[in-house]
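A.B. asks: heads up, no residue letters with this:
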């Protein structure tokens, strides 16, 4: 019984039974301990961006944290971009970062670095274990912090001698203390409700802006009833953790990414009520364009912060507005998607055909970037499914998130709408899909370009990119052969150039009892 | 004329004319400026680990910094592991990290993060540009800091409005001030020389432990003459920036990676003289094994620090020792490598056959990890070549470093001895090799395992890994098909299972006027 055993036991005792990992020498005692705990499912990623992105996907689908196992500062660094996305999604994750033995750190061995400095920007909570005796308590605290509403990235630094240090044989795992979210200020919510009622009477436009907790099923039902009773619009930031879409879902608008479209979507809003979401801001600044998207004169009410209990806030708001919470809620009726049956393949054709073919209960992982901009306009007409989008703008999120979602919900089909430039960032995740035989269907929009940047170049006034710009924005010369790339890692794949071919490929991919990849040349 | 133009102009005016890049929206003005400067060679990496590793390889071969262009915190984060290696190599690099416009940062838009906190652990110098007017001065300073001996990683944060802000049309680029390395303490070196002379008289074993500056040609000639005159051994840390090997080279021992072998190599040393190198320490701590490798009772003399002028220190040491600096220096004579001509392929056969086939002036990029442990024993018998190894233990360095070395020395053949697990980390670099038509021959040791970790598992007492450990240490199920992976990115490739096949593949690869990959199944 050593510190590493206690770490595993405490994770397991608190329901953390999946570990996405890429270990190294300093983590060998932890690996040896994992070997003694067959209840822990260990999933190898061949790059740490896969490991952390998978933990994000797993958390979004199960609502509970997985552990990650990362090798010192550089291993953590490789996983930071997807931890950035997870932090923005408010996904609960427990990172275990191996570190040199406490007495070895002073020698500045080659793999030494300042792990805290690396961890803090992408974690809500960072802690370094000081001794084997502290492992149980600290691990339990990490789980508690990860589960703090609306979800946190908790990073635990594990020096090797804290892992290999012996503990008494009868050491028991430590139970995590779950931290209740602070209750929102009901008086303030009643004040917001009065402002809403006045606005509705004056026929002003009201938007409820919904953060991650407000998008959870019970909360969203209440938000839907408020919208139904008051005529308020329901809206979510461009980046959200998880949204139910399709038949039976409550309709929520997604704020568009493009700044002009975002401004237009909010142009008529006079009362903006934040329910666990930040105020709407532009993804980037542009010369002469505003950073905040609500129009001048729009009143912004923070009904509750992301960290408060948003369900309670919605209940209080409904009560204060006199909304009947038993009244039947009009949800999305069965719809029909008009998808082309033949012709050349375009991004839009891919989206329509794929949404039409979605199996019930699918998990859609959307890192479609420019190619998927019409998904939001059509996916309410699809069968019921979950929609997971990139949250922090750090590309390379799709393939790993699909891995984690599939591990978290093995009976559901995962369909990843995947931009090609972004897919290259963490293409190694395909190998984990093959090894774990995950039902992940990846659709690559092969436009062979960072298409988003062509638009941004225009936004800065360059109509025709020259040689240097062209070489930084295009992915042709050579074009990536995605079918070969996927097959090299054990994922069967097909290339399509027409709608007919794409329809056939989709059928094949959905019939597969494991991963599949479609290179959609658009 | 804007801040971005000034940044490019100042880089170019200071000889920085290669930019490894993966830009995003916040860098579009910089990209537009690069478009107006055809003298700047822009090289796209499809992942930032490729970008930073290429800058490392370029610096190691040319001795001068390239610029990198990275997209905010997450783009930098993706490049950190190879910046960690570059920092440990003391390779000069100027990172340009795009950032939100100054006034936009307060809104915590999705891509916002604490860039300084991320940058500091892997940079020697970090600076945030405050205004367009400061761009020239700050860029010149970054180049000066990068070139500070023995080389530094300098990170410059460029807010978008500092890039797009207008400057007077006649703004001139700013010249970098080159900072001379502090002179070493000659009196102290004379003291070290006296200790050496006493030790030699007493027939004690003396080691000169050589840092990056001491391995540069002129310095190494002096070290060689000191060794020749005094019988001292020349040795370098396991991780070094660049070493000349083969016929004509000065023989230097590389400290072995494995802790027991390192202890044995130093067991008889009584006087250890550090010349711009840290004292020898173990890569990792192990229960019951020491962190420092010099034996008890060994006297350790710091002749000079890595930051002082090591060439001056060696000159002073030679003078104090009375070494004739004009005497002929016995360098490595032409040798012969006994390589197998047939039979099954093993790691050792790969090494011997490849070293035998090296073309004169080749650049060997060595991320061979376990498979290449006998390279050091044989590469002095090869033709003259440069040897670049992984320095910081952050795997995924080989393919990107090969990219940068080839850009820096287009007439030379690059041969990468590449472990498979490490290669997967930054496999995207193969695409850049194809696009830029680089003479990079990559030899993958396809042992389908993190072989180093099997050894480390034994070191912690686990003889037969169980299910969980096995799944974290092996890369089979499925085996990666490296030929397909390479071809998917435009790199021709061949798989070999025998020495005969490998010899043929090597010939083909070296004849190629561009990249080539050999999957050596061992």
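C.D. replies: Received the coordinates, thanks. For clarity, every value in this text was computed on a predicted model and none was experimentally measured.
A.B. asks: in the stretch 301-450 of chain A, which ranges drop under the pLDDT threshold?
C.D. replies: Along the stretch 301-450 of chain A, the model assigns pLDDT under 70 to no residue.
A.B. asks: which residues of it lie near chain B?
C.D. replies: A:391-394, A:396, A:421, A:424-425, A:427-428, A:431, A:434-435 (CB under 8 Å from any CB of the partner chain). From N, CA and C alone the C-beta is placed, and that goes for glycine too.
A.B. asks: now do 6 Å
C.D. replies: A:392-394, A:424-425, A:428, A:434-435 (CB under 6 Å from any CB of the partner chain).
A.B. asks: just those now: which is nearest residue A:353?
C.D. replies: When these are compared for distance to residue A:353 (CB to CB), residue A:424 comes out closest, at 24.0 Å.
A.B. asks: doesn't that closest one fall inside a helix?
C.D. replies: Yes - checked against DSSP: H, G, I helix; E, B strand; the rest coil, residue A:424 lies within a helix.
A.B. asks: contacts only, for it.
C.D. replies: B:46, B:428 (CB atoms under 6 Å, 6 or more residues apart in numbering or on different chains).
A.B. asks: ditto for residue A:95
C.D. replies: Per CB under 6 Å, 6+ apart, neighbours of residue A:95: A:68, A:155.
A.B. asks: may I have the phi/psi pair for it?
C.D. replies: Main-chain dihedrals, residue A:95, degrees, to the nearest 10: phi -90, psi 130.
A.B. asks: tell me the buried residues in the lowest-mean-pLDDT helix or strand in chain A?
C.D. replies: For chain A, counting by mean pLDDT, DSSP states H and E, helix A:451-459 ranks last in confidence among helices and strands (a mean of 85). Buried residues in helix A:451-459, counted by 16 or more other CB atoms under 10 Å in any protein chain shown: A:451-454, A:456-457, A:459.
A.B. asks: equivalent analysis for stretch A:474-488, please.
C.D. replies: In stretch A:474-488, counting by 16+ other CB under 10 Å, buried: A:474-475, A:479-488.
A.B. asks: repeat for stretch A:430-448
C.D. replies: A:430-436, A:438-448.
A.B. asks: mind listing which of those are in strands?
C.D. replies: A:440-446 (DSSP state E).
A.B. asks: give me the buried positions along stretch A:384-399.
C.D. replies: For stretch A:384-399, using 16+ other CB under 10 Å, the buried residues are A:385-399.
A.B. asks: first-to-last residue distance for that stretch?
C.D. replies: Length of stretch A:384-399, first residue to last, CA to CA, to the nearest Å: 22 Å.
A.B. asks: contacts for it, please.
C.D. replies: In contact with stretch A:384-399 (CB under 6 Å, 6+ apart) are residues A:49, A:53, A:60, A:81-82, A:84-85, A:88-89, A:239, A:242-243, A:245-248, A:358, A:362-367, A:416, A:418, A:422, A:425-426, A:429, B:74, B:110-111.
A.B. asks: are any of those buried, and which?
C.D. replies: A:49, A:53, A:60, A:81-82, A:84-85, A:88-89, A:239, A:242-243, A:245-247, A:358, A:362-367, A:416, A:418, A:422, A:425-426, A:429, B:74, B:110-111.
A.B. asks: wait, residue A:499 sits on residue A:342?
C.D. replies: Yes - with contact defined as CB atoms under 6 Å, residue A:499 counts as touching residue A:342 (5.2 Å).
A.B. asks: between the two, which one's more packed in?
C.D. replies: residue A:499 (21 against 10; other CB atoms under 10 Å in any protein chain shown).
A.B. asks: hmm, back to that, now, which of the buried ones among the contacts of stretch A:384-399 lie within helices?
C.D. replies: A:49, A:53, A:60, A:81-82, A:84-85, A:88-89, A:422, A:425, A:429, B:74 (DSSP state H).
A.B. asks: which one of the residues you listed is nearest residue B:466?
C.D. replies: residue A:429 (25.1 Å).
A.B. asks: residue contacts, that closest one?
C.D. replies: Here residue A:429 is in contact with A:50, A:399-400, A:403 (CB under 6 Å, 6+ apart).
A.B. asks: now render those as a markdown table, adding distance to residue B:281 and secondary structure.
C.D. replies: Shown next, in a markdown table, are these (distance: CB to CB, whole Å; DSSP: H, G, I helix; E, B strand; the rest coil):
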| residue | distance to residue B:281 | secondary structure |
| --- | --- | --- |
| A:50 | 31 | helix |
| A:399 | 38 | helix |
| A:400 | 35 | helix |
| A:403 | 37 | helix |
